[in-house]
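K.L.:
any chance you could fold what I've pasted below:
(one chain, ligands or ions: 2)
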Amino acid sequence: MARIFLSHSTTDERQAVALKHWLGQNGSDDVFLDVDPQRGLIAGERWQEALKRAADRCEAVLFVISPAWAKSKWCLAEFLLTKSLNKRIFGLVLKDEAIGELPSEMTSEWQLCHLVGPGKTEMVTCCLREKSVAVDFLTEGLIWLKAGLQQVGLHAEFFHWPPQDDPERAPYRGLQPLDTADAAIYFGRDAEILQGLDKLRGMRTLGAESLFVILGASDTGKSSCLRPGLLPRLTRDDRHFFPLRPIRPERSPLFGEHGLDMACRLLGECRFGRPIDREHHDMVGPFEGRPNFSGAKQFVYVRYDPDLSQPGLDALGLADIKATNVQTLDSIEHIADIQKVGEAFARKHLNVAEHLRGFI
Ligand SMILES: Nc1ncnc2c1ncn2[C@@H]1O[C@H](COP(=O)(O)OP(=O)(O)OP(=O)(O)O)[C@@H](O)[C@H]1O
Ligand SMILES: [Mg+2]
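P.N.:
Ligands and ions are numbered 1, 2, ... in the order given. Have a look, this model is predicted:
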(Lines give C-alpha, C1' and ligand atoms only; values in the text may rest on other atoms or scores of the structure.)
(Ligands and ions follow the chains in the order given, each with its own letter.)
Protein backbone atom coordinates (compact mmCIF):
# COMPACT_ATOMS: atom_id res chain seq x y z
CA MET A 1 0.00 0.00 0.00
CA ALA A 2 1.27 3.45 -0.83
CA ARG A 3 2.33 5.89 1.75
CA ILE A 4 1.64 9.50 2.72
CA PHE A 5 4.15 11.74 4.50
CA LEU A 6 3.11 14.48 6.90
CA SER A 7 5.49 17.36 7.57
CA HIS A 8 4.64 19.64 10.48
CA SER A 9 6.09 21.94 13.12
CA THR A 10 6.23 20.70 16.73
CA THR A 11 3.83 23.53 17.63
CA ASP A 12 1.16 21.89 15.48
CA GLU A 13 1.67 18.40 16.82
CA ARG A 14 -1.94 18.06 18.03
CA GLN A 15 -3.31 18.93 14.60
CA ALA A 16 -0.82 16.65 12.85
CA VAL A 17 -1.70 13.68 15.05
CA ALA A 18 -5.41 14.36 14.55
CA LEU A 19 -4.89 14.53 10.79
CA LYS A 20 -3.03 11.24 10.80
CA HIS A 21 -5.94 9.72 12.70
CA TRP A 22 -8.46 11.19 10.26
CA LEU A 23 -6.43 9.94 7.28
CA GLY A 24 -6.45 6.45 8.81
CA GLN A 25 -10.23 6.58 9.14
CA ASN A 26 -10.51 7.69 5.53
CA GLY A 27 -8.57 4.98 3.80
CA SER A 28 -4.94 6.15 4.13
CA ASP A 29 -3.58 3.91 6.84
CA ASP A 30 0.10 4.22 5.95
CA VAL A 31 1.01 7.74 7.05
CA PHE A 32 4.51 8.67 8.15
CA LEU A 33 4.44 11.26 10.93
CA ASP A 34 7.41 11.82 13.16
CA VAL A 35 6.16 12.95 16.54
CA ASP A 36 9.10 14.00 18.63
CA PRO A 37 8.91 16.43 21.55
CA GLN A 38 12.28 17.87 20.57
CA ARG A 39 12.02 18.05 16.85
CA GLY A 40 15.70 18.69 16.37
CA LEU A 41 18.31 17.41 14.01
CA ILE A 42 17.61 13.74 14.62
CA ALA A 43 13.88 13.97 13.93
CA GLY A 44 14.38 16.19 10.90
CA GLU A 45 16.94 13.85 9.41
CA ARG A 46 14.85 10.84 10.28
CA TRP A 47 11.94 12.29 8.33
CA GLN A 48 14.09 12.96 5.29
CA GLU A 49 15.75 9.56 5.43
CA ALA A 50 12.35 7.88 5.71
CA LEU A 51 11.06 9.82 2.70
CA LYS A 52 14.10 8.90 0.62
CA ARG A 53 13.72 5.24 1.58
CA ALA A 54 10.00 5.25 0.76
CA ALA A 55 10.44 7.26 -2.46
CA ASP A 56 8.97 4.50 -4.57
CA ARG A 57 5.96 4.07 -2.27
CA CYS A 58 5.14 7.64 -1.28
CA GLU A 59 2.26 9.09 -3.31
CA ALA A 60 1.93 12.47 -1.64
CA VAL A 61 3.52 14.71 0.97
CA LEU A 62 1.22 16.81 3.15
CA PHE A 63 2.65 19.99 4.70
CA VAL A 64 0.78 21.30 7.73
CA ILE A 65 1.16 25.06 7.23
CA SER A 66 1.17 27.46 10.15
CA PRO A 67 3.34 30.47 11.04
CA ALA A 68 5.54 28.17 13.15
CA TRP A 69 6.01 25.78 10.26
CA ALA A 70 6.80 28.64 7.88
CA LYS A 71 9.56 29.80 10.25
CA SER A 72 10.96 26.35 10.92
CA LYS A 73 14.25 25.53 9.27
CA TRP A 74 12.93 22.04 8.57
CA CYS A 75 10.12 23.41 6.49
CA LEU A 76 12.42 24.44 3.66
CA ALA A 77 14.63 21.34 3.91
CA GLU A 78 11.66 18.98 3.80
CA PHE A 79 10.03 20.96 1.03
CA LEU A 80 13.20 20.94 -1.10
CA LEU A 81 13.65 17.21 -0.66
CA THR A 82 10.01 16.57 -1.57
CA LYS A 83 10.34 18.78 -4.63
CA SER A 84 13.56 17.06 -5.72
CA LEU A 85 11.75 13.72 -5.54
CA ASN A 86 8.92 15.23 -7.63
CA LYS A 87 6.20 14.18 -5.20
CA ARG A 88 2.64 15.51 -5.25
CA ILE A 89 2.37 18.18 -2.55
CA PHE A 90 -0.66 19.26 -0.53
CA GLY A 91 -0.54 22.31 1.73
CA LEU A 92 -2.90 21.96 4.68
CA VAL A 93 -3.42 25.47 5.96
CA LEU A 94 -3.93 26.01 9.69
CA LYS A 95 -3.51 29.77 9.49
CA ASP A 96 -4.02 31.81 6.34
CA GLU A 97 -1.38 34.37 7.31
CA ALA A 98 1.25 31.64 7.15
CA ILE A 99 0.88 31.36 3.39
CA GLY A 100 2.03 34.95 2.93
CA GLU A 101 5.24 34.13 4.77
CA LEU A 102 6.18 31.38 2.34
CA PRO A 103 8.03 32.11 -0.90
CA SER A 104 5.69 31.93 -3.90
CA GLU A 105 7.84 29.22 -5.57
CA MET A 106 6.71 26.98 -2.73
CA THR A 107 3.01 27.65 -2.90
CA SER A 108 2.38 28.15 -6.61
CA GLU A 109 2.37 24.46 -7.53
CA TRP A 110 0.60 23.05 -4.48
CA GLN A 111 -2.94 22.20 -3.92
CA LEU A 112 -3.86 24.25 -0.87
CA CYS A 113 -6.50 23.00 1.50
CA HIS A 114 -7.92 25.22 4.23
CA LEU A 115 -8.61 23.37 7.46
CA VAL A 116 -9.51 26.33 9.67
CA GLY A 117 -11.73 29.38 9.10
CA PRO A 118 -15.41 30.21 9.06
CA GLY A 119 -17.79 27.34 8.25
CA LYS A 120 -18.99 24.00 9.52
CA THR A 121 -16.37 21.98 11.37
CA GLU A 122 -15.77 18.34 12.17
CA MET A 123 -14.16 17.29 15.45
CA VAL A 124 -11.42 14.67 15.23
CA THR A 125 -10.64 12.92 18.50
CA CYS A 126 -7.51 10.86 19.01
CA CYS A 127 -4.76 10.06 21.45
CA LEU A 128 -1.39 11.81 21.92
CA ARG A 129 1.02 10.51 24.59
CA GLU A 130 -1.82 8.71 26.31
CA LYS A 131 -3.94 11.85 26.50
CA SER A 132 -7.11 12.43 24.54
CA VAL A 133 -6.89 15.22 21.96
CA ALA A 134 -9.79 16.85 20.11
CA VAL A 135 -9.24 19.12 17.10
CA ASP A 136 -11.78 20.92 14.91
CA PHE A 137 -11.17 21.02 11.16
CA LEU A 138 -13.30 22.68 8.49
CA THR A 139 -15.60 20.01 7.05
CA GLU A 140 -15.26 21.46 3.57
CA GLY A 141 -11.45 21.31 3.81
CA LEU A 142 -11.54 17.66 4.86
CA ILE A 143 -13.89 16.77 1.99
CA TRP A 144 -11.55 18.54 -0.38
CA LEU A 145 -8.52 16.74 1.03
CA LYS A 146 -10.20 13.38 0.71
CA ALA A 147 -11.10 14.08 -2.92
CA GLY A 148 -7.56 15.28 -3.62
CA LEU A 149 -6.03 12.14 -2.12
CA GLN A 150 -8.44 9.97 -4.09
CA GLN A 151 -7.08 11.66 -7.18
CA VAL A 152 -3.46 10.94 -6.37
CA GLY A 153 -4.28 7.42 -5.20
CA LEU A 154 -2.25 5.22 -7.49
CA HIS A 155 -3.61 1.86 -6.65
CA ALA A 156 -6.17 0.10 -8.86
CA GLU A 157 -8.87 0.55 -6.21
CA PHE A 158 -8.93 4.30 -6.97
CA PHE A 159 -10.39 3.58 -10.42
CA HIS A 160 -13.92 2.49 -11.36
CA TRP A 161 -14.79 -1.02 -12.40
CA PRO A 162 -16.55 -1.59 -14.70
CA PRO A 163 -15.65 1.62 -16.55
CA GLN A 164 -18.64 4.00 -16.60
CA ASP A 165 -18.78 4.09 -20.41
CA ASP A 166 -18.30 0.31 -20.82
CA PRO A 167 -20.41 -1.48 -18.17
CA GLU A 168 -20.13 -4.88 -19.91
CA ARG A 169 -16.33 -4.82 -20.21
CA ALA A 170 -14.75 -8.21 -19.52
CA PRO A 171 -12.02 -8.14 -16.87
CA TYR A 172 -10.25 -11.01 -18.65
CA ARG A 173 -8.97 -9.40 -21.79
CA GLY A 174 -8.08 -12.59 -23.64
CA LEU A 175 -5.99 -11.63 -26.64
CA GLN A 176 -6.94 -7.98 -26.25
CA PRO A 177 -4.26 -5.77 -24.70
CA LEU A 178 -4.92 -4.02 -21.40
CA ASP A 179 -5.99 -0.45 -22.10
CA THR A 180 -6.53 2.81 -20.20
CA ALA A 181 -10.05 1.67 -19.23
CA ASP A 182 -8.49 -1.29 -17.37
CA ALA A 183 -6.69 0.74 -14.68
CA ALA A 184 -8.98 -0.77 -12.01
CA ILE A 185 -7.89 -4.32 -12.84
CA TYR A 186 -4.19 -3.69 -13.47
CA PHE A 187 -2.17 -4.82 -10.46
CA GLY A 188 1.40 -5.34 -9.35
CA ARG A 189 3.13 -2.37 -10.93
CA ASP A 190 2.59 0.36 -8.32
CA ALA A 191 6.30 0.98 -7.77
CA GLU A 192 7.06 1.33 -11.49
CA ILE A 193 4.02 3.57 -12.03
CA LEU A 194 5.01 5.81 -9.13
CA GLN A 195 8.59 6.07 -10.37
CA GLY A 196 7.32 6.91 -13.85
CA LEU A 197 4.92 9.59 -12.58
CA ASP A 198 7.60 11.19 -10.39
CA LYS A 199 10.02 11.22 -13.29
CA LEU A 200 7.45 12.75 -15.67
CA ARG A 201 6.51 15.39 -13.10
CA GLY A 202 10.21 16.27 -12.76
CA MET A 203 10.61 16.47 -16.53
CA ARG A 204 7.62 18.78 -16.72
CA THR A 205 8.95 21.07 -13.99
CA LEU A 206 12.53 21.32 -15.23
CA GLY A 207 11.76 21.21 -18.93
CA ALA A 208 15.25 19.92 -19.74
CA GLU A 209 14.37 16.40 -20.84
CA SER A 210 11.50 15.70 -23.19
CA LEU A 211 11.63 11.99 -23.98
CA PHE A 212 10.56 9.26 -21.56
CA VAL A 213 11.19 5.75 -22.85
CA ILE A 214 9.79 2.51 -21.44
CA LEU A 215 12.30 -0.11 -22.44
CA GLY A 216 12.08 -3.84 -21.84
CA ALA A 217 12.24 -7.28 -23.38
CA SER A 218 9.35 -8.46 -25.50
CA ASP A 219 6.14 -9.19 -23.56
CA THR A 220 7.37 -7.87 -20.23
CA GLY A 221 4.48 -5.41 -19.90
CA LYS A 222 5.75 -2.15 -21.47
CA SER A 223 2.47 -1.27 -23.17
CA SER A 224 0.53 -2.18 -20.04
CA CYS A 225 2.76 0.02 -17.92
CA LEU A 226 1.72 2.90 -20.18
CA ARG A 227 -1.94 2.22 -21.05
CA PRO A 228 -3.66 1.04 -17.85
CA GLY A 229 -0.71 2.28 -15.74
CA LEU A 230 0.68 5.75 -16.44
CA LEU A 231 -1.92 7.19 -18.84
CA PRO A 232 -5.06 7.08 -16.64
CA ARG A 233 -3.09 8.53 -13.73
CA LEU A 234 -1.66 11.36 -15.83
CA THR A 235 -5.15 12.06 -17.19
CA ARG A 236 -6.45 12.48 -13.64
CA ASP A 237 -3.69 14.99 -12.90
CA ASP A 238 -5.30 17.40 -15.34
CA ARG A 239 -3.79 20.48 -13.69
CA HIS A 240 -0.42 19.39 -15.04
CA PHE A 241 -0.88 16.87 -17.86
CA PHE A 242 -2.94 16.49 -20.99
CA PRO A 243 -2.25 13.08 -22.51
CA LEU A 244 -3.20 12.35 -26.10
CA ARG A 245 -4.41 8.90 -27.12
CA PRO A 246 -1.60 6.43 -27.86
CA ILE A 247 -0.26 6.68 -31.38
CA ARG A 248 0.78 3.56 -33.31
CA PRO A 249 2.92 4.20 -36.36
CA GLU A 250 1.59 1.22 -38.37
CA ARG A 251 1.70 2.17 -42.07
CA SER A 252 0.88 5.83 -41.55
CA PRO A 253 2.26 7.39 -38.36
CA LEU A 254 0.80 10.83 -38.96
CA PHE A 255 -2.50 10.27 -40.70
CA GLY A 256 -3.40 6.59 -40.11
CA GLU A 257 -6.21 5.29 -37.92
CA HIS A 258 -3.92 5.30 -34.86
CA GLY A 259 -1.73 8.16 -36.04
CA LEU A 260 -1.01 11.58 -34.59
CA ASP A 261 -3.81 13.34 -36.45
CA MET A 262 -6.41 10.86 -35.19
CA ALA A 263 -5.32 11.48 -31.59
CA CYS A 264 -5.59 15.22 -32.23
CA ARG A 265 -8.95 15.03 -34.01
CA LEU A 266 -10.60 13.22 -31.13
CA LEU A 267 -9.54 15.76 -28.56
CA GLY A 268 -9.08 18.83 -30.70
CA GLU A 269 -11.29 20.75 -33.12
CA CYS A 270 -9.76 20.30 -36.56
CA ARG A 271 -10.73 23.35 -38.65
CA PHE A 272 -9.08 22.20 -41.81
CA GLY A 273 -7.53 18.90 -42.79
CA ARG A 274 -7.67 16.03 -45.19
CA PRO A 275 -9.52 12.80 -44.28
CA ILE A 276 -7.62 10.61 -41.82
CA ASP A 277 -7.85 7.29 -43.59
CA ARG A 278 -10.35 5.35 -45.63
CA GLU A 279 -12.27 4.06 -42.58
CA HIS A 280 -13.14 7.45 -41.15
CA HIS A 281 -14.73 10.55 -42.56
CA ASP A 282 -12.58 13.69 -42.34
CA MET A 283 -13.74 14.49 -38.76
CA VAL A 284 -13.62 18.17 -39.60
CA GLY A 285 -16.73 19.74 -38.08
CA PRO A 286 -19.85 17.67 -37.28
CA PHE A 287 -20.55 14.37 -39.03
CA GLU A 288 -24.03 14.09 -40.54
CA GLY A 289 -25.18 16.79 -38.14
CA ARG A 290 -23.72 15.02 -35.09
CA PRO A 291 -20.50 16.03 -33.32
CA ASN A 292 -17.68 13.66 -34.23
CA PHE A 293 -16.67 13.06 -30.62
CA SER A 294 -18.77 13.23 -27.47
CA GLY A 295 -16.09 14.77 -25.19
CA ALA A 296 -15.16 18.42 -24.94
CA LYS A 297 -12.67 19.63 -27.53
CA GLN A 298 -9.55 20.85 -25.80
CA PHE A 299 -7.78 22.79 -28.55
CA VAL A 300 -8.12 23.84 -32.18
CA TYR A 301 -5.74 23.05 -34.98
CA VAL A 302 -5.39 22.82 -38.74
CA ARG A 303 -3.51 20.34 -40.86
CA TYR A 304 -1.91 21.73 -43.98
CA ASP A 305 -0.40 18.87 -45.92
CA PRO A 306 -0.44 19.17 -49.69
CA ASP A 307 -1.01 16.00 -51.69
CA LEU A 308 2.45 15.40 -53.13
CA SER A 309 1.44 12.79 -55.69
CA GLN A 310 1.67 13.91 -59.35
CA PRO A 311 -2.14 14.26 -59.66
CA GLY A 312 -2.11 16.25 -56.38
CA LEU A 313 0.54 18.63 -57.73
CA ASP A 314 -1.34 18.90 -61.03
CA ALA A 315 -4.45 19.92 -59.08
CA LEU A 316 -2.45 22.70 -57.43
CA GLY A 317 -1.45 23.95 -60.89
CA LEU A 318 2.11 22.70 -60.44
CA ALA A 319 2.31 20.16 -63.26
CA ASP A 320 5.87 21.33 -63.99
CA ILE A 321 7.13 20.04 -60.61
CA LYS A 322 8.25 16.42 -60.49
CA ALA A 323 6.51 14.66 -57.56
CA THR A 324 9.55 12.58 -56.52
CA ASN A 325 11.61 15.76 -56.10
CA VAL A 326 9.36 17.14 -53.37
CA GLN A 327 8.42 13.95 -51.57
CA THR A 328 11.74 13.61 -49.73
CA LEU A 329 11.59 15.10 -46.27
CA ASP A 330 13.78 18.22 -45.93
CA SER A 331 15.08 17.90 -49.46
CA ILE A 332 17.55 20.76 -49.78
CA GLU A 333 18.20 20.18 -53.44
CA HIS A 334 14.62 21.00 -54.43
CA ILE A 335 13.80 23.47 -51.68
CA ALA A 336 12.61 26.07 -54.21
CA ASP A 337 10.03 23.58 -55.54
CA ILE A 338 8.90 22.72 -52.03
CA GLN A 339 8.43 26.42 -51.40
CA LYS A 340 6.31 26.74 -54.54
CA VAL A 341 4.10 23.87 -53.31
CA GLY A 342 3.60 25.63 -49.98
CA GLU A 343 2.70 28.91 -51.65
CA ALA A 344 0.26 27.31 -54.12
CA PHE A 345 -1.37 25.32 -51.31
CA ALA A 346 -1.75 28.45 -49.16
CA ARG A 347 -3.28 30.42 -52.06
CA LYS A 348 -5.83 27.69 -52.62
CA HIS A 349 -6.69 26.60 -49.06
CA LEU A 350 -5.52 29.05 -46.40
CA ASN A 351 -8.45 30.92 -44.92
CA VAL A 352 -7.03 33.07 -42.16
CA ALA A 353 -10.38 34.38 -40.91
CA GLU A 354 -11.84 30.89 -40.55
CA HIS A 355 -8.76 28.90 -39.51
CA LEU A 356 -7.64 31.42 -36.91
CA ARG A 357 -11.17 32.33 -35.78
CA GLY A 358 -11.08 33.53 -32.20
CA PHE A 359 -7.34 34.19 -32.26
CA ILE A 360 -7.21 37.30 -34.44
N1 LIG B 1 0.52 -6.33 -14.30
C2 LIG B 1 0.01 -7.26 -15.11
N3 LIG B 1 -0.83 -8.19 -14.64
C4 LIG B 1 -1.34 -9.14 -15.46
N5 LIG B 1 -1.06 -9.25 -16.77
C6 LIG B 1 -0.23 -8.36 -17.29
C7 LIG B 1 0.37 -7.31 -16.50
N8 LIG B 1 1.16 -6.57 -17.29
C9 LIG B 1 1.07 -7.11 -18.51
N10 LIG B 1 0.26 -8.18 -18.52
C11 LIG B 1 -0.07 -9.05 -19.65
O12 LIG B 1 1.17 -9.51 -20.19
C13 LIG B 1 1.14 -9.51 -21.62
C14 LIG B 1 2.26 -8.63 -22.15
O15 LIG B 1 2.02 -7.31 -21.78
P16 LIG B 1 2.29 -6.08 -22.76
O17 LIG B 1 1.61 -6.27 -24.06
O18 LIG B 1 1.99 -4.85 -21.99
O19 LIG B 1 3.87 -6.25 -22.94
P20 LIG B 1 4.87 -5.49 -23.94
O21 LIG B 1 6.17 -5.42 -23.24
O22 LIG B 1 4.27 -4.20 -24.38
O23 LIG B 1 4.91 -6.52 -25.12
P24 LIG B 1 5.52 -6.28 -26.63
O25 LIG B 1 6.99 -6.43 -26.48
O26 LIG B 1 4.88 -7.38 -27.40
O27 LIG B 1 5.09 -4.89 -27.06
C28 LIG B 1 -0.26 -9.01 -22.01
O29 LIG B 1 -1.07 -10.12 -22.24
C30 LIG B 1 -0.73 -8.28 -20.78
O31 LIG B 1 -2.14 -8.29 -20.68
MG1 LIG C 1 3.79 -3.51 -26.35
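
K.L.:
please enumerate the strands of the stretch 51-200 of the chain.
P.N.:
Ranges of strands in the stretch 51-200 of the chain, per DSSP state E, counting those that start in this stretch, are 58-65, 88-93, 111-114, 121-128, 131-138.

K.L.:
give me the neighbour count for the residue of the stretch 101-250 of the chain found nearest ligand 2.
P.N.:
In the stretch 101-250 of the chain, the residue that lies nearest ligand 2 is S223 (3.2 Å; C-beta to the ion). Where you see a C-beta, it was placed from the backbone N, CA and C, and this is true even at glycine. If you count neighbours by other C-beta atoms under 10 Å, S223 ends up with 16.

K.L.:
nearest residue to G117 in space, please, no chain neighbours.
P.N.:
Residue nearest to G117 in three dimensions, not counting chain neighbours: L138, with 5.9 Å by C-beta to C-beta, 6 or more residues apart in numbering.

K.L.:
that neighbour contacts D96, correct?
P.N.:
No - when contacts are counted by C-beta atoms under 8 Å, L138 is not listed as touching D96 (11.7 Å).

K.L.:
next, give phi and psi for F255.
P.N.:
phi -120, psi 10 (degrees, to the nearest 10).

K.L.:
find the nearest non-adjacent residue to it, please.
P.N.:
D261 (5.1 Å).

K.L.:
now for K87: which residues touch it?
P.N.:
5, 58-61, 198 (C-beta atoms under 8 Å, 6 or more residues apart in numbering).

K.L.:
quick check: PyMOL command selecting the buried ones in these.
P.N.:
Of these, the buried ones go into a single PyMOL selection, burial set by 16 or more other C-beta atoms under 10 Å:
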select buried, resi 5+58+59+60+61+198
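
K.L.:
near ligand 2, from the contacts of K87?
P.N.:
When C-beta under 5 Å from the ion is taken as the criterion, no member of the contacts of K87 contacts ligand 2.

K.L.:
make TSV out of the contacts of K87 and add pLDDT and distance to G268.
P.N.:
Shown next, in TSV, are the contacts of K87 (pLDDT from 0 to 100; distance: C-beta to C-beta, whole Å):
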residue	pLDDT	distance to G268
F5	91	38
C58	87	35
E59	86	31
A60	90	31
V61	92	35
D198	91	29
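
K.L.:
need the contact list for Q151.
P.N.:
Taking C-beta under 8 Å, 6+ apart, one finds 158, 236-237 in contact with Q151.

K.L.:
most neighbours of all these, which one?
P.N.:
F158 (19 neighbours).

K.L.:
so what pLDDT did that one get?
P.N.:
pLDDT for F158: 82.

K.L.:
which residue packs closest to it, ignoring adjacent ones?
P.N.:
Going by C-beta to C-beta, 6+ apart, F158 has Q150 as its nearest residue, at 6.0 Å.

K.L.:
number of residues surrounding the one you found?
P.N.:
With other C-beta under 10 Å as criterion, Q150 counts 14.

K.L.:
what of the one 4 residues further on?
P.N.:
Other residues near L154 number 22, with proximity taken as other C-beta under 10 Å.

K.L.:
so it sits right up against E192, yeah?
P.N.:
No - in this structure L154 lies outside contact range of E192 using C-beta under 8 Å: 10.5 Å.

K.L.:
shared neighbours, the two?
P.N.:
Joint contacts of L154 and E192 (C-beta under 8 Å, 6+ apart) do not exist.

K.L.:
quick check: the gap between the residue nearest to D136 when sequence neighbours are not counted and F241.
P.N.:
Once flanking residues are discounted, D136 sits nearest to T121: 4.2 Å by C-beta to C-beta, 6+ apart. Taking C-beta to C-beta, to the nearest Å as the measure, T121 falls 34 Å from F241.

K.L.:
okay if I get the contacts of Q151 as TSV plus distance to F90?
P.N.:
Listed next are the contacts of Q151 as TSV, based on distance: C-beta to C-beta, whole Å:
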residue	distance to F90
F158	16
R236	15
D237	13
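
K.L.:
give me the number of residues near the nearest residue to L215 once chain neighbours are set aside?
P.N.:
Of all residues not flanking L215 in the chain, K222 sits nearest, at 7.4 Å (C-beta to C-beta, 6+ apart). Burial measure for K222: 15 neighbouring residues, criterion other C-beta under 10 Å.

K.L.:
go on, the one 4 residues further on?
P.N.:
Other residues near L226 come to 19 when the count uses other C-beta under 10 Å.

K.L.:
same thing with E343?
P.N.:
E343 - counted by other C-beta under 10 Å - has 13 other residues nearby.

K.L.:
quickly find the element holding it.
P.N.:
Assigned by DSSP states H and E, E343 falls within helix 335-349.

K.L.:
which elements pack onto that helix?
P.N.:
helix 323-327 (3 or more C-beta pairs under 8 Å, 6 or more residues apart in numbering; DSSP states H and E).

K.L.:
from the chain's centre, how far out does the helix it packs on sit?
P.N.:
41 Å (C-alpha atoms, centre = their mean, to the nearest Å).

K.L.:
what number of residues lie near the closest residue to L318 other than its chain neighbours?
P.N.:
Of all residues beyond its chain neighbours, the one nearest L318 is A344 (5.6 Å), with distances taken as C-beta to C-beta, 6+ apart. By other C-beta under 10 Å, 17 other residues sit near A344.
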